[in-house]
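*Asks:* Here's my sequence, what's the structure:
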Amino acid sequence: MRIALDYTAGIRQGAGIGQYVRSLVRAMLEQDTLNQYTLLTSGHPTEEYPLPVAANIRGRSVFIPDRYLNILWYRLRFPLRANYFTGPIDIYHGLDFALPPLSGKSHKIVTVYDLAFLEHPETAVPSLAAYLNKVVPEAVKRADVVVAISQATKQALITHYQAPAEKIKVIPCGVGPQFQRITDQAVLEETRSKFALHQPFILSVGTLEPRKNHLGLIKAFHKLLQSTRQDQIILAIAGGKGWMYEETQQMVRDLKLEDRVRFLGRVSEPELLALYSLTEIFAFPSFFEGFGIPPLEAMACGAPVLTSNTSSLPEAVGDAALLIDPHDTHAIAEALARMLESEQLREELRQKGYRQAQRYTWSQAATKMLTVYQQLSQGVTTLAEEPTLEMSL
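*Replies:* Residues are numbered from 1 along each chain as shown. Got it, this is the predicted structure:
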């Protein structure tokens, strides 16, 4: 088969969709050496995020910046087919919500991560929400197969777009094998020193933007400090600056928590592994997630996890985390206090977390995706929830 993949997010985005695209494609290439892959990008790969290297892939960079390409494709309906850049293909897979114009009889797949822009528009950048509200329903309608990363996203697609259940395939994200508990004291102390985390700390990871609910977490942390004798505990937030990040930083100043809340900024993967391994609690009270990789990464590194009882998060973490209502700061504060006061609870969550994280691997996700490709090549578009078709790659 000749398969074209929209790999732009893989060279542009550090976390989120970029991480998904890089991890999934890498895992597929480890399993599949026969099919031919074209990785289509708007813009050129970078030293930080290069194209993967394999004998059966080639890169194709579109000379038009993605902003203008999106205008041509989705606003002006300019008849510039993606096939012009990819050459003849059997399958085109849009890995970032959208499907460009395509000619010929190639099969079409689109991956949809969540419908937060539709269900929680207040948490989305308005321009991005407007774009997604236009391209996603069109892509879902045109696609032969829609890949959702959770059952929650599948149900949202059915509810909002009346997408046929039989053409939606749920393929969860994975946890990379590098996510393991760090025990090397030199590495751990180096991370503590770099970020000045010499006291016990609660860790949260995510871009500073409304949907991650850092405001609610900071308010809950303030309540925690007022109601318990947590004289040493601090809150560390790792993640880049996103939409409306100023509100989060202002909240810290308003509550006079400058000495107790640390903004670490973007951290490297080795640093993240050490932070997960060091933290007393990993807190992820996000309002909405298509899947929620950070709680599972934290579990794999031995961190007891607190997360939300909304969207896909209960599905991802199972019974291995303490679940809270992200809108209830009092409940978040109480849960944090309960976890900090009980080593037995933290250890129970830690052991359950190790087992839960092992359920999700990129290898499993790649196998499921390759099976979908194989099914399409054989003309199968009505998908079983768990495919049993033998692949002959």
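*Asks:* tell me what the helix or strand bottoming out on mean pLDDT in the chain is packed against?
*Replies:* Scoring the helices and strands of the chain by mean pLDDT, DSSP states H and E places helix 66-70 at the bottom, with a mean of 80. Applying 3 or more CB pairs under 8 Å, 6 or more residues apart in numbering; DSSP states H and E, we find helix 66-70 packed against no helix or strand. Where C-beta positions appear, they are placed from N, C-alpha and C, glycine not excepted.
*Asks:* all strands for the protein, in order.
*Replies:* For the chain, strands defined by DSSP state E occupy the ranges 2-6, 36-42, 57-62, 91-94, 107-112, 145-148, 168-170, 201-205, 234-238, 261-265, 281-284, 305-308, 322-324.
*Asks:* Same list (these) but as a markdown table, adding mean pLDDT, mean neighbour count and distance to residue 215.
*Replies:* What follows is those, written out as a markdown table (pLDDT from 0 to 100; neighbours: other CB atoms under 10 Å; distance: least, CB to CB, whole Å):
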| stretch | mean pLDDT | mean neighbour count | distance to residue 215 |
| --- | --- | --- | --- |
| strand 2-6 | 97 | 23 | 33 |
| strand 36-42 | 95 | 21 | 34 |
| strand 57-62 | 93 | 16 | 38 |
| strand 91-94 | 97 | 25 | 33 |
| strand 107-112 | 97 | 24 | 27 |
| strand 145-148 | 98 | 26 | 29 |
| strand 168-170 | 97 | 21 | 31 |
| strand 201-205 | 98 | 24 | 12 |
| strand 234-238 | 97 | 22 | 11 |
| strand 261-265 | 96 | 18 | 12 |
| strand 281-284 | 98 | 26 | 13 |
| strand 305-308 | 98 | 27 | 14 |
| strand 322-324 | 98 | 21 | 15 |
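*Asks:* so which of those strands gets nearest residue 345?
*Replies:* strand 322-324 (7.9 Å; CB to CB).
*Asks:* So what touches that closest one?
*Replies:* 285, 304-309, 313-314, 317, 331-332, 335, 338-339, 345, 349 (CB atoms under 8 Å, 6 or more residues apart in numbering).
*Asks:* Please repeat the previous calculation with a cut-off of 6 Å.
*Replies:* 306, 309, 331, 332, 335 (CB atoms under 6 Å, 6 or more residues apart in numbering).
*Asks:* same check, this time on stretch 188-199
*Replies:* 232, 234, 264, 271, 274, 278.
*Asks:* try it again with 8 Å
*Replies:* Against stretch 188-199 from outside (CB under 8 Å, 6+ apart): 182, 232, 233, 234, 236, 262, 264, 271, 274, 275, 277, 278.
*Asks:* What is the neighbour count of the first one?
*Replies:* A count of neighbours around residue 182, defined by other CB atoms under 10 Å, yields 17.
*Asks:* what residues are up against it?
*Replies:* Neighbouring residues of residue 182 by CB under 8 Å, 6+ apart: 188, 273, 274, 277, 301.
*Asks:* Quick one, grab the pLDDT at the closest residue to it other than its chain neighbours.
*Replies:* Take residue 182 and drop its neighbours on the chain: the residue closest to it by CB to CB, 6 or more residues apart in numbering is residue 277, 4.1 Å away. pLDDT for residue 277: 98.
*Asks:* contacting residues around residue 277?
*Replies:* Residue 277 neighbours (CB under 8 Å, 6+ apart): 181, 182, 183, 188, 301, 302, 303.
*Asks:* so how far is residue 301 from it?
*Replies:* Remark: distance between residue 277 and residue 301 (CB to CB, to the nearest Å) = 5 Å.
*Asks:* Straight-line length of stretch 137-150, end to end?
*Replies:* Terminal residues of stretch 137-150 are spaced 18 Å apart (CA to CA, to the nearest Å).
*Asks:* Buried residues, that stretch. List them.
*Replies:* 137, 139, 140, 143, 144, 145, 146, 147, 148, 149, 150 (16 or more other CB atoms under 10 Å).
*Asks:* quick one: contacts for the fifth one?
*Replies:* So the one you mean is residue 144. Residue 144 neighbours (CB under 8 Å, 6+ apart): 107, 108, 109, 167, 376, 381.
*Asks:* In JSON lines, list these along with distance to residue 43.
*Replies:* Rendered in JSON lines, the data for the contacts of residue 144 read as follows (distance: CB to CB, whole Å):
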{"residue": "107", "distance to residue 43": "26"}
{"residue": "108", "distance to residue 43": "23"}
{"residue": "109", "distance to residue 43": "22"}
{"residue": "167", "distance to residue 43": "31"}
{"residue": "376", "distance to residue 43": "28"}
{"residue": "381", "distance to residue 43": "32"}
